[in-house]
Structures are given as structure tokens and as C-alpha cells.
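Engineer: Give me a model of this one.
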Amino acid sequence: MGRLERASAIDVARGAVARVAWYAFDAPCAWSLRARDRPRVAWSGARDDAFIVDATARATVDDAAEAILLDALRDAGAGKTTHVRGTFEAHLREVRDWLRDALDAPAACATAGLGHSAYGSELFPARSAGFGRDRAFFARACGETCERLMYLYGTVSQRRWYRMTLETTRGRDAGGFEAVNFYTGETIRLTPVEAGLLTLMHAADILSVLTPTRERASTALGFAMYLVSSAADMLRAATRSPSGDAFAWNEYADRLDASISDEIVRRMVVDAPVDARGFRDEVAARAAARLRATRFDVVLVLRATGAFD
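Structural biologist: This is a model prediction of the structure:
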């Protein structure tokens, strides 16, 4: 295959302006894309893709697939593009490492973390790949589940997803969780497995740009831990759906709420308290309450991601 269809400087500038309009006026961002990509970001008619994730979320992804993915992104400039802490490539690796090593996410989800912003995102218009032939390339390289999660990360509105997770996720049925396409304004319900893994990717994205803290945890760290707990609730709902019964999501959800969340506290809090779980519950609840009370979406997202606290 040739090079990925990386966004040009003009594409990035148009994307940034479109995102300002999206936050200010709820104006969908598809107009900022090249004409051939506009229909490709629409979710219409793609609902059957959801069950790819449900059916194959636990499939393995070999090291060669990750190497192909990373080489393509590096060739598209990931090693030279600046991110919050170092290069974009370093950030992609950090998100993958959080998912794989700390959150113990399924392999396809961890690999999707390596390419989570390949298509850009609501907050990151500098995409490394296009929505046409590059989607087929990623699906061949790392599997359809991995690519599907990358595509969702690149099209689901982050601010709307954060607002949705701040509502009560406990006790929801298996009907799915509402997502909004920031390019088109479309709304769909993601399956519990899709929703849970996407939420873990957002948690890892936040954790990857934070530095360990002493005593008082930031709103961003608290929200990341809140997202991990929300993901656990979503995955528990998968056991009540027809396509989720075959998988032991309950066991993984329990570990997310227990040992895995304890590991986040140990990694991110210097001299972590003995009662890590109590500390986690307190800071997650405090962060969620503060974010629920935040009126403007742009302020909510900046607080939630650690841009300011």
C-alpha cells in the first residue's frame, strides 16, 4: 500500500475552525473534510459493524500487526508531530501501554490505542489517515475489531461521550449507550462491549498525559478513574445482551473495579494511601460531581483531560 492519506496543513486548519463551530453552535464538522471523505464518516447503514466488536473483541493481535500499524503512522509523520508530552508517536505508544499493561484490555483494544487518533478526534484535527482506503488497510493489518474501535474514537463526539458517562451507567439494560458523530450529528447506540472498550481508550488517553501527583488528585485523574468504573458497568451490561453471553465480561469488569483501579492509584499517586480503593472512590466521585456542575462543554473537556484544573 502507499502512504496514508495524512491531513494537510489546510485540512488541519479547517478542522480546527470546524471544531470551534461544533463546540459553540453544535454545527457538525463534515464540511471541513475533503469532498470524498464526507460520506465516509457517516454512520448510516454501518450498524452491522457493531457486532464485529462483540464477536471478536477477545481475538489476539500479534506483534507484527502492531509493527505494521506503527510503521504506517510513523511514515505519516507521527514521530515528528508534536503532542502534549513529546511526539504524537510517543503518545500513541503510551496510550497502548496503559491499555495493555495497566488496564489489561483485550488485545484488539490495546492495539486500537496505538492507533486511537490515526483518524484524528474531536480534539485533534491533525489526522494521520483518511477515511477511505486507509480503513481497509488498518482492518487488514490489525483486524476489523481494532479498526472499528479506531474509527469510533475518530468520529464519536468526546464532549457528548463524557456527558453521557457522567449520567448513571449502573443498572442500564443491554440496549446500548448513545454516541454522537461530531462530523455528521448522527446518533447511534453502541453495544455495551463497544461502549466499554471505547471508554477504556478515553481513560488511557487521559492517563497518558498526566504526571504522578502527591496527596490531592487532579480532576483529570479522578475522571479517568471514574471512566474505568463506567467501562466496568458497561461491560457488565454485555453479559445481558444476546451477543455478549459467550464472554466473561463480568470477571474483567470486577477486576477493573478492584485490582486494576488499585494499580492506577499506585502508578499515579506518590506515596499512595493504604486504602487505595477508598481514595479512588473519593477522588472519582469528586471529579464527577465537579464535571457534572460544569456548564460549558469546552471547560468540561479541558478539566476532564487535564488541560487545566
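Engineer: State the next helix or strand along the chain beyond the lowest-mean-pLDDT helix or strand in the chain.
Structural biologist: When the helices and strands of the chain are scored by mean pLDDT, DSSP states H and E, helix 50-56 comes last with a mean of 61. The element immediately downstream of helix 50-56 (helix or strand, assigned by DSSP states H and E) is helix 63-75.
Engineer: Give me the buried positions along that next one.
Structural biologist: For helix 63-75, a neighbour-count test (16 or more other C-beta atoms under 10 Å) marks 65-66, 68-70, 72-74 as buried. Every C-beta, even on glycine, is put in place using the N, C-alpha and C of the backbone.
Engineer: Number of residues surrounding Glu144?
Structural biologist: Using other C-beta atoms under 10 Å, Glu144 has 18 other residues around it.
Engineer: circling back: now for the buried residues of helix 63-75: which two are most distant?
Structural biologist: The most widely separated members of the buried residues of helix 63-75, counting by C-beta to C-beta, are Ala65 and Arg74 (14.9 Å).
Engineer: What pLDDT is listed against Asp63?
Structural biologist: Here the pLDDT value assigned to Asp63 is 84.
Engineer: Can you list phi and psi of the residue with the largest distance to the centre of the chain for me?
Structural biologist: Ranked by distance from the centre of the chain (C-alpha atoms, centre = their mean), the top residue is Val274, with 30.0 Å. Backbone torsions for Val274, taken as degrees, to the nearest 10, come to phi -60, psi -40.
Engineer: Would you mind measuring from it to Arg266?
Structural biologist: According to C-beta to C-beta, to the nearest Å, Val274 and Arg266 sit 11 Å apart.
Engineer: now do Gly176
Structural biologist: 33 Å.
Engineer: which residues in the stretch 201-309 of the chain form strands?
Structural biologist: 213-214, 269-270 (DSSP state E, counting those that start in this stretch).
Engineer: so which of these gets nearest Ala107?
Structural biologist: Among the strands of the stretch 201-309 of the chain, if distance is taken as C-beta to C-beta, the winner is strand 269-270, at 28.1 Å.
Engineer: looking only at pLDDT, what's the mean for stretch 131-148?
Structural biologist: 93.
Engineer: Send me it as PDB with only the CA atoms.
Structural biologist: C-alpha atoms of stretch 131-148 as PDB (Å, rounded to 0.1, in the frame of the first residue of the first chain):
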ATOM      1  CA  PHE A 131     -11.500   7.500   5.900                       C
ATOM      2  CA  GLY A 132     -11.300   5.700   2.600                       C
ATOM      3  CA  ARG A 133      -8.700   3.100   1.600                       C
ATOM      4  CA  ASP A 134      -6.800   3.600   4.900                       C
ATOM      5  CA  ARG A 135      -9.700   2.000   6.800                       C
ATOM      6  CA  ALA A 136      -9.300  -1.100   4.700                       C
ATOM      7  CA  PHE A 137      -5.600  -1.100   5.300                       C
ATOM      8  CA  PHE A 138      -5.900  -0.900   9.000                       C
ATOM      9  CA  ALA A 139      -8.600  -3.700   9.000                       C
ATOM     10  CA  ARG A 140      -6.200  -5.900   7.100                       C
ATOM     11  CA  ALA A 141      -3.200  -5.000   9.300                       C
ATOM     12  CA  CYS A 142      -4.700  -5.400  12.800                       C
ATOM     13  CA  GLY A 143      -8.200  -6.800  12.400                       C
ATOM     14  CA  GLU A 144     -11.700  -5.400  12.000                       C
ATOM     15  CA  THR A 145     -12.300  -5.000  15.700                       C
ATOM     16  CA  CYS A 146      -9.200  -2.900  16.200                       C
ATOM     17  CA  GLU A 147     -10.100  -0.700  13.200                       C
ATOM     18  CA  ARG A 148     -13.700  -0.400  14.300                       C
END
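Engineer: Cheers, nothing more for now.
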